[in-house]
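>>> Everything below, folded, please.
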Amino acid sequence: MKKIVITGGAGFIGSHVVRHFVKKYPEYTIYNLDTLTYAGNLENLKDIENSSNYKFVKADITDEIVIKELFQEYKFDGVIHLAAESHVDRSIKDPLAFAKTNILGTLNLLNSFKELWSNDWSGKRFYHVSTDEVYGTLGNTGLFTEKTSYSPNSPYSASKASSDHFVRSYGETYGLPYVISNCSNNYGPNHFPEKLIPLFINNIINNKSLPVYGDGNYTRDWLYVKDHAIAIDEVFHNGTNENTYNIGGFNEWKNIDLVKLLCSLMDEKLERESGSSEKLITFVKDRPGHDLRYAIDATKINKELGWKPSVTFEQGLSITIDWYLENSEWLERVTTGDYLRYYQDFYTNR
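Numbers count the residues shown, from 1 in each chain. Take a look at the predicted model:
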């Protein structure tokens, strides 16, 4: 029986990956390792929390001693590493927190995995889940490929770029079997409402302003989170060691066009007058170092592993909105305390 530890498994992407693996691989034991920060929520996994092949372990990846003890105790065959500080705005305010979690936390996992299995790497794999933001910014044309040079422009992307390099270095130096994936923006159910789509869904429900950075012409590639979980499954099981796979939706949207589509769908679903939500759009002061455009070339994972997105952006966005409207209590619970302080800091005072 394989023992797979998924770090950050109570977070947005992590919870979807945990659920996918628990349901698809009953012969595995899936360990969800999470420290339960503001963005980690075990409610995301209530439907599988009593599964016989699922175990939750509360731990902080920055705690070197605890992480080493857990690896020695459970003897994890595989690591799928998603735990990270991930919000660019927060990284601008507190870059040291991002360095601690994303760099030192990753090193603790690498060291513990190396010390456990360095005499026999057979059947073992360390999978590091990263971001397209490590590549920096694109102009109006072109796509990020696996060979694009790194050029991070925020403390968040710099910390992820550093962790990517450490993972590669452990492969070269110690023979640690690894794969890395760099993914575009995710969206879908259970997303903590600090990111654009869940933030704006929540604001529209409550008739609050929709703060759009700059002129709204920043462009991102969007991927439905459940498609990302499937891609992670494919890379973990079938990817080639010492390889990187870019995961994207072939689905570019300017922020302002995305927001207008979201407003239109929300008006329809809330049975409000057409155009009413769009009136909530407010352009706010841009954030420092804001990358103009991200766009992923996912040809490699499509050709080598046969993966491609299963839904269009319009389909996925409609499903996502329905989930938030049907789970209003979840949304209310997570938009208190730390979330309210964050919102005040990053949007109200701009």
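>>> which residue sits closest to the residue of the chain most remote from its centre, ignoring its sequence neighbours?
Distance from the C-alpha centroid of the chain peaks at residue 273, with 34.0 Å (Cα atoms, centre = their mean). Beyond its immediate neighbours in the sequence, the residue positioned closest to residue 273 (Cβ to Cβ, 6 or more residues apart in numbering) is residue 267, lying 6.9 Å away. Backbone N, C-alpha and C define where each C-beta goes, glycine included.
>>> Next, the one you found: secondary structure please.
The three-state label given to residue 267 by DSSP: H, G, I helix; E, B strand; the rest coil is helix.
>>> That one: neighbouring residues, count only.
Using other Cβ atoms under 10 Å, residue 267 has 17 neighbouring residues.
>>> Give the burial count for residue 230, as a bare number.
Applying other Cβ under 10 Å, we find 19 other residues in the vicinity of residue 230.
>>> helix, strand or coil for it?
Residue 230 falls in the helix class when you classify it by three-state DSSP.
>>> these two touch, right, it and residue 309?
No: counting by Cβ atoms under 8 Å, no contact exists between residue 230 and residue 309, whose distance comes to 9.2 Å.
>>> Show me what counts as buried in the helix or strand containing residue 304.
Of the helices and strands defined by DSSP states H and E, residue 304 is found in helix 299-305. Residues of helix 299-305 classed as buried: 300-302, 305 (neighbour count, 16 or more other Cβ atoms under 10 Å).
>>> For residue 318, state which of the residues you listed is nearest.
Distance to residue 318, by Cβ to Cβ, is smallest for residue 302 among the buried residues of helix 299-305, at 24.4 Å.
>>> so what's that closest one up against?
The neighbours of residue 302, taking Cβ atoms under 8 Å, 6 or more residues apart in numbering as the test, are residue 308.
>>> ok, now how distant is it from residue 248?
Distance of residue 302 to residue 248, given as Cβ to Cβ, to the nearest Å: 10 Å.
>>> Same check on residue 137?
Taking Cβ to Cβ, one finds residue 137 at 15 Å from residue 248.
>>> Which one of those two is surrounded by more residues?
The residue with more neighbours, out of residue 137 and residue 248 and counting by other Cβ under 10 Å, is residue 248; that gives 26 against 18.
>>> hang on, isn't the more buried one packed against residue 183?
Yes: Residue 248 sits in contact with residue 183 when judged by Cβ under 8 Å, with a separation of 7.0 Å.
>>> Common neighbours of these two, please.
Taking Cβ under 8 Å, 6+ apart as the criterion, residue 248 and residue 183 both touch 132, 223, 296.
>>> Give me the nearest residue to the last one, chain neighbours excluded.
With sequence-adjacent residues excluded and distances taken as Cβ to Cβ, 6+ apart, residue 296 is closest to residue 248, at 2.6 Å.
>>> got a list of what the one you found touches?
With contact taken as Cβ under 8 Å, 6+ apart, residue 248 is in contact with 132, 144, 183-184, 221, 223, 295-298.
>>> what ranges do the helices span in this structure?
Chain-ordered helices for the chain, with DSSP state H as the definition, fall at 12-24, 64-74, 88-93, 95-98, 105-117, 155-174, 196-205, 225-238, 255-269, 299-305, 313-326, 328-334, 338-343.
>>> For residue 33, find the nearest of those.
The closest of these to residue 33 is helix 64-74. By Cβ to Cβ, the value is 7.2 Å.
>>> now the closest one: mean pLDDT?
Helix 64-74 carries an average pLDDT of 98.
>>> mind listing what's buried in it?
Result for helix 64-74 [16+ other Cβ under 10 Å]: buried residues 66-68, 70-71, 74.
>>> that older thread, thinking the residue nearest to residue 273 is in contact with residue 274, fair?
Yes: with the criterion set as Cβ under 8 Å, residue 267 and residue 274 qualify as a contacting pair; they are 5.4 Å apart.
>>> burial measure for residue 40, as a count.
Using other Cβ under 10 Å, residue 40 has 20 neighbouring residues.
>>> what residues are up against the residue lying closest to it once chain neighbours are set aside?
Closest residue to residue 40 in three dimensions, ignoring its sequence neighbours and counting by Cβ to Cβ, 6+ apart: residue 10, at 3.8 Å. With contact taken as Cβ under 8 Å, 6+ apart, residue 10 is in contact with 32, 34, 36, 40-42, 44-45, 56.
>>> from those residues, which ones fall inside strands?
Members of the contacts of residue 10 lying in strands (criterion: DSSP state E): 32, 34, 56.
>>> nearest to residue 105, of these?
For residue 105, the nearest member of these is residue 34. The distance, counting by Cβ to Cβ, is 11.9 Å.
>>> what bridges to that closest one?
residue 58 (DSSP bridges).
>>> if I look at it, how far off is residue 287?
Counting by Cβ to Cβ, the gap from residue 34 to residue 287 is 28 Å.
>>> between those two, who's got more neighbours?
For residue 34 against residue 287, the residue with the higher neighbour count under other Cβ under 10 Å is residue 34, and the figures read 27 against 15.
>>> Cheers, nothing more for now.
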